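# Build me a model from this:
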Amino acid sequence: MKILITGAKGQLGSELEKVLTEKKCSIGAIGKDYDNCDYLTLGSTDLDITDFEKAKEILEVNKPDIVINCAAYTNVDECESNPEKAMAVNAVGAKNLAVICQGINSKLVHISTDYVFDGESESPYCEWDLCNPKTIYGKSKLLGERYVREFAKKYFIIRTSWLYGKNGKNFVKTIIDLGKKKNKIEVVNDQIGNPTNVNDLAYHILDIATTEDYGIYNCVGEGCCSWFDLAAKIVDYADLSCKVAPVTTLEYQKIDFRAAKRPRNSSLCNLMLKVCKKNRMRRWEETLKDFVLDAIKK
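Take a look at the predicted model:
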């Protein structure tokens, strides 16, 4: 079996490479199908998914059985001021991969986001709920989903949220750094979501990818919280003396008026994982504690 990963320099792509090398995650060993697996990890400079002809050439030469698309333009605020780039990477790039994968009979695993929803629900979103994105980022990712569904037959769309891992920048690392330097940090307490450890997410991506259970999946840490709740847990687990103070989104926007609108409640339910009896996502508090304790040791 041969796997090709796009966007391989990011948090998730680099974690997938690590897992494929070690053949295990914190949850447990990955499937036997990966014992003799060959994998190719390509960053944006190696494979620009917005360039159809070059992407087609690379995929046709390598003929992967599975393509995992981690490439995305994820800076939510920048997407508002650069919608062309958001459309090119998140929508057209996804379309290019879908068309190419269909042509070479490869499975496509496409990573999407909680931002495809409007955030106005009073309960976690299931896969069947109506998408109604409010940001350029969310709109471009939703169009990417639609292109994947239209142009590829063998696809998995995996929606996730609030990612953190060992590589790259993320909220958990930021709070640990700020907590070491400051006596007090302010964090919004009226935006709800699911903190998700990329190691747990990588396990489920690889577990799903070898099946023929095609379709849309939510894959997030079990349970939800606010950014304030998350920050408070990080400071607690890291045993920092810094105080975490709650602020509203409106108060935060007065500090940074350029920030794009964030969904009030973008929490997701792993319904399809449960239906397929594949949900081994852990509680967000458990995975967070493991991650923080490991991070502060280094």
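
# right, and the helix or strand after the helix or strand bottoming out on mean pLDDT in the chain?
In the chain, the helix or strand scored least confidently by mean pLDDT, DSSP states H and E is helix 249-255, which has a mean of 71. Later in the chain than helix 249-255, the nearest helix or strand by DSSP states H and E is helix 271-275.

# ok so residue 156 is a helix residue?
No. Using DSSP: H, G, I helix; E, B strand; the rest coil, the assignment for residue 156 is strand, not a helix.

# Contacts only, for it.
Residues counted as contacts of residue 156 (C-beta atoms under 8 Å, 6 or more residues apart in numbering) are 107, 108, 109, 110, 208, 209, 213, 214, 215, 216, 217. Backbone N, C-alpha and C define where each C-beta goes, glycine included.

# Quick one, which of those are buried?
Buried subset of these (neighbour count, 16 or more other C-beta atoms under 10 Å): 107, 108, 109, 110, 208, 209, 214, 216, 217.

# Spit out the contact partners of the second one.
Right, residue 108. Counting by C-beta under 8 Å, 6+ apart, residue 108 has contacts 66, 67, 69, 97, 98, 101, 148, 152, 154, 155, 156.

# Would you check that my belief about residue 289 contacting residue 238 is correct?
No. With contact defined as C-beta atoms under 8 Å, residue 289 does not reach residue 238; the gap is 9.9 Å.

# Please report how far residue 34 lies from residue 46.
22 Å (C-beta to C-beta, to the nearest Å).

# which residues of the protein score low on pLDDT?
The chain contains residues with pLDDT under 70 at 252-259, 298.

# Now the spatially most central residue of it: phi and psi?
In the chain, the centroid-proximal residue (C-alpha atoms, centre = their mean) is residue 160; its distance is 4.7 Å. Phi and psi for residue 160, reported as degrees, to the nearest 10, are phi -140, psi -180.

# Who does it form a beta bridge with?
Listed by DSSP bridges, the beta-bridge partners for residue 160 are residue 113.

# correct me, but it touches residue 110?
No. The criterion here is C-beta under 8 Å, and residue 160 misses it with residue 110 at 11.3 Å.

# Now stretch 126-146 - C-alpha only, PDB.
Written as PDB, here are the backbone C-alpha positions of stretch 126-146 (Å, rounded to 0.1, in the frame of the first residue of the first chain):
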ATOM      1  CA  CYS A 126     -23.800  16.000  13.600                       C
ATOM      2  CA  GLU A 127     -22.700  15.200  10.100                       C
ATOM      3  CA  TRP A 128     -26.200  15.600   8.800                       C
ATOM      4  CA  ASP A 129     -26.700  19.200  10.100                       C
ATOM      5  CA  LEU A 130     -27.000  22.100   7.600                       C
ATOM      6  CA  CYS A 131     -23.800  23.900   6.800                       C
ATOM      7  CA  ASN A 132     -24.000  27.700   6.900                       C
ATOM      8  CA  PRO A 133     -20.500  29.100   7.200                       C
ATOM      9  CA  LYS A 134     -20.000  32.800   8.200                       C
ATOM     10  CA  THR A 135     -16.400  33.300   7.400                       C
ATOM     11  CA  ILE A 136     -14.400  33.200   4.100                       C
ATOM     12  CA  TYR A 137     -12.400  30.400   5.600                       C
ATOM     13  CA  GLY A 138     -15.500  28.300   6.400                       C
ATOM     14  CA  LYS A 139     -17.100  29.100   3.000                       C
ATOM     15  CA  SER A 140     -13.900  28.100   1.100                       C
ATOM     16  CA  LYS A 141     -13.700  24.800   3.100                       C
ATOM     17  CA  LEU A 142     -17.300  24.000   2.500                       C
ATOM     18  CA  LEU A 143     -16.900  24.500  -1.300                       C
ATOM     19  CA  GLY A 144     -13.900  22.200  -1.100                       C
ATOM     20  CA  GLU A 145     -16.100  19.600   0.600                       C
ATOM     21  CA  ARG A 146     -18.600  20.000  -2.200                       C
END
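
# Pull out the buried positions in it.
127, 129, 131, 133-146.

# Residues in contact with that stretch: which ones?
72-76, 79-80, 83, 86-87, 89-91, 93-95, 110, 112-113, 115-119, 121, 157, 159, 215-218, 260-261, 263, 268-269, 271-272.

# can you give me how far it is from the chain middle?
14 Å (C-alpha atoms, centre = their mean, to the nearest Å).

# Same check on stretch 185-201?
12 Å.

# what's the answer for stretch 197-211, then?
Going by C-alpha atoms, centre = their mean, where stretch 197-211 is centred and where its chain is centred differ by 11 Å.

# What residues sit buried inside that stretch?
Quick answer for stretch 197-211 (16+ other C-beta under 10 Å): 197-210.

# Among those, find me the one that's closest to residue 167.
Looking at the buried residues of stretch 197-211 and their distance to residue 167, the nearest is residue 198, at 8.4 Å (C-beta to C-beta).
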